[in-house]
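Undergrad: requesting a structural model of the entry that follows:
(chains A, B, C and D)
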There are 2 protein chains.
Amino acid sequence: MTNNYYSDFESIKRLISVDCVIFGYDDEQLKLLVFKRIIEPSKGKWSLLGGWVKNDESSEEAAHRVLHHLTGLKYIYQEQVETFSKPGRDPGGNVITVEYYALIKIDEFTNQLISDYGAKWFALKDLPSLIFDHDILVVKALDKLRLKASYELFGKHLLPEKFTILKLRKLYNEIYQKEFDPANFRKKVLSLNVLERLEEKDKTESRKGAYLYRFKDVPEMEISGPVFRKSFVKK
Amino acid sequence: MTNNYYSDFESIKRLISVDCVIFGYDDEQLKLLVFKRIIEPSKGKWSLLGGWVKNDESSEEAAHRVLHHLTGLKYIYQEQVETFSKPGRDPGGNVITVEYYALIKIDEFTNQLISDYGAKWFALKDLPSLIFDHDILVVKALDKLRLKASYELFGKHLLPEKFTILKLRKLYNEIYQKEFDPANFRKKVLSLNVLERLEEKDKTESRKGAYLYRFKDVPEMEISGPVFRKSFVKK
DNA sequence: GCAAAAGTGTTAGGACTACACCCATGG
DNA sequence: CCATGGGTGTAGTCCTAACACTTTTGC
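TA: Have a look, this model is predicted:
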């Protein structure tokens, strides 16, 4: 299928991989899924989920393939972050990596798959040192995540279908490592008009009980400016 | 130098290219430099500046190399945008492209180099259709440019060393395709404290004459939030 | 004097912060 | 009845939009 106008350049072809920074949210903590590497070099050390990009697929497809294979989920939110190509970044070969982050609802898939792969969820602050330049990749993914969460109401892909405003606020607290004011957070979030209140209350976190909300079924939440200004956080 | 732990994967190696969206600002218009393609396929059609990523270099280095070769400039501002890898995106072969945008001060390099390459500056609105997926790459670069210009005072790499507030405002008008209010723009921009007023006036644009400014010599302008809110633009 | 951009001042409104305050209820 | 989160209200602050107004100077 592929033409070969470029057949003179066989010698500068390179291996392409994808690396996935997998975020989950559980136990009121933002967590990352990392893996005990099963191939050399650095076999046995912690790394991000990776995989090769095959000839007949895009990096998006490759990332989706490895994520699907791991989790069994058919839809996984993923977003391209950045591409790393410095020679020597992978001691095993001259590999270019396209980085993605993925958002997983931890409650939706079994831990069986995780243990099969020697994987483990770590809270951000407990994350061990990772191989190669993967520590940098994590920082880049977090930056992108934070940027995204500042431009649109975020949480659809990390929280369960139904959640309280408190849960959402705690997620934001985690992402920005700051305490949002409960009253102001509530008003701001509801004013965005992207949440739908259900006629159901959750009483596990308060005597009074809090309404459950879910994200409205809109194709994409378009907000033409920052959701949260820098000063929206206390102190 | 390179190990070959991955020698089983020779067959999925791919060609990597860089494509550069080159922005310039001249005649009060934001312009793009595009090229008459000199190789097949699509030889003779308009395209972005591209080049192969060699084995011993990163994509950043490759982009810098082709930009330097074109312009003769030793420092060029460039930023990675996104990576495109869909099979078939380049009819000439199975090529993965890392996209960069670059900012050029049009007055700083000769048009000789440009004509040697069959290149031409186009104002955004006059841009012809480009080969492959390059039209999409241009949109992505513009999005990234606009995002950047909303988070920090922008123009250092597009304007001459010395410029008036009017020039800066017209650049912002161009980037956002909107009319900023002269009085408010001035106050906002000066309040950011990143510009230095020179004891020099430019009288070409008004009888009264306007002070020239330049960007202060700070390593990087750190602003922890949007410079311009969405509502900063008129109407 | 007039036009046109430079530059300053002012006012109104919107958004956000901080915090007070009431509500509901399980223990 | 009290502690706790749920939820509402509000004063004050900050930011900015809109626009009036003065300045300067070449023509």
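Undergrad: helices along chain A, start to end?
TA: A:59-71, A:111-116, A:134-151, A:165-176, A:182-191 (DSSP state H).
Undergrad: so which of these gets nearest B:Glu28?
TA: Taking C-beta to C-beta, helix A:134-151 is the member of the helices of chain A nearest to B:Glu28, at 30.0 Å. C-beta coordinates here come from the backbone N, C-alpha and C atoms, glycine included.
Undergrad: for A:Thr71, which non-adjacent residue is closest in space?
TA: What sits nearest to A:Thr71 in space, not counting adjacent residues and going by C-beta to C-beta, 6 or more residues apart in numbering or on different chains, is A:Phe109, at 4.7 Å.
Undergrad: rank the helices of chain A by pLDDT, which is bottom?
TA: Lowest mean pLDDT within the helices of chain A: helix A:111-116, a mean of 74.
Undergrad: ok, back up a step: distance check, the residue nearest to A:Thr71 against A:Glu28.
TA: For A:Phe109, the distance to A:Glu28 (C-beta to C-beta, to the nearest Å) stands at 19 Å.
Undergrad: who's more crowded, these two?
TA: A:Phe109 (16 against 12; other C-beta atoms under 10 Å in any protein chain shown).
Undergrad: next up, the contacts around the closest residue to A:Lys43 other than its chain neighbours.
TA: Excluding the flanking residues, the one nearest A:Lys43 by C-beta to C-beta, 6+ apart is A:Arg37, at 5.5 Å. By C-beta atoms under 8 Å, 6 or more residues apart in numbering or on different chains, the contact list for A:Arg37 reads A:43-47, A:131.
Undergrad: lowest-scoring secondary structure element of chain A by mean pLDDT?
TA: Within chain A, no helix or strand scores below helix A:111-116, which has a mean of 74 by mean pLDDT, DSSP states H and E.
Undergrad: which stretches in chain A count as strands?
TA: A:15-26, A:29-36, A:46-47, A:49-52, A:77-84, A:95-104, A:119-123, A:195-202, A:210-215 (DSSP state E).
Undergrad: flag every buried residue along the longest one.
TA: Translated: strand A:15-26. A:15-25 (16 or more other C-beta atoms under 10 Å in any protein chain shown).
Undergrad: any idea which of the strands of chain A is most buried?
TA: Burial of these is given as mean neighbour count (mean count of other C-beta atoms under 10 Å in any protein chain shown); strand A:95-104 ranks first at a mean of 25.
Undergrad: now do that strand against strand B:77-84, angle only.
TA: Strand A:95-104 runs at 70 degrees relative to strand B:77-84, counting by axes from the mean of the first three to the mean of the last three C-alpha atoms, to 10 degrees.
Undergrad: helices or strands next to strand A:95-104 in the packing?
TA: Packing partners of strand A:95-104 (3 or more C-beta pairs under 8 Å, 6 or more residues apart in numbering or on different chains; DSSP states H and E): strand A:15-26, helix A:59-71, strand A:77-84, helix A:134-151.
Undergrad: in a markdown table: those, plus distance to DNA strand D.
TA: Conversion of those to a markdown table gives the following (distance: least, C-beta to the nearest atom of the strand, whole Å):
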| stretch | distance to DNA strand D |
| --- | --- |
| strand A:15-26 | 17 |
| helix A:59-71 | 30 |
| strand A:77-84 | 26 |
| helix A:134-151 | 15 |
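Undergrad: in a markdown table, list these along with distance to B:Ser150.
TA: Output for these, formatted as a markdown table (distance: least, C-beta to C-beta, whole Å):
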| stretch | distance to B:Ser150 |
| --- | --- |
| strand A:15-26 | 25 |
| helix A:59-71 | 27 |
| strand A:77-84 | 20 |
| helix A:134-151 | 10 |
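Undergrad: any weak-confidence spans in chain A?
TA: Scanning chain A for pLDDT under 70 picks out A:1-3, A:110-111, A:218-235.
Undergrad: can you count the residues close to A:Ser191?
TA: 8.
Undergrad: the closest residue to A:Val98 other than its chain neighbours: neighbouring residues, count only.
TA: Nearest residue to A:Val98, sequence neighbours excluded (C-beta to C-beta, 6+ apart): A:Ser59, at 4.1 Å. By other C-beta under 10 Å, the residues close to A:Ser59 number 24.
Undergrad: could you measure from the residue nearest to A:Lys43 over to DNA strand D?
TA: From A:Arg37 over to DNA strand D the distance is 41 Å, taken as C-beta to the nearest atom of the strand, to the nearest Å.
Undergrad: from the buried residues of strand A:15-26, which is closest to A:Ile104?
TA: After measuring the buried residues of strand A:15-26 against A:Ile104 - C-beta to C-beta - the closest member comes out as A:Gly24, at 4.7 Å.
Undergrad: tell me the contacts of A:Val189?
TA: A:153, A:165, A:168-169, A:195 are the contacts of A:Val189 under C-beta under 8 Å, 6+ apart.
Undergrad: for those residues, which one is nearest B:Arg214?
TA: A:Leu153 (40.0 Å).
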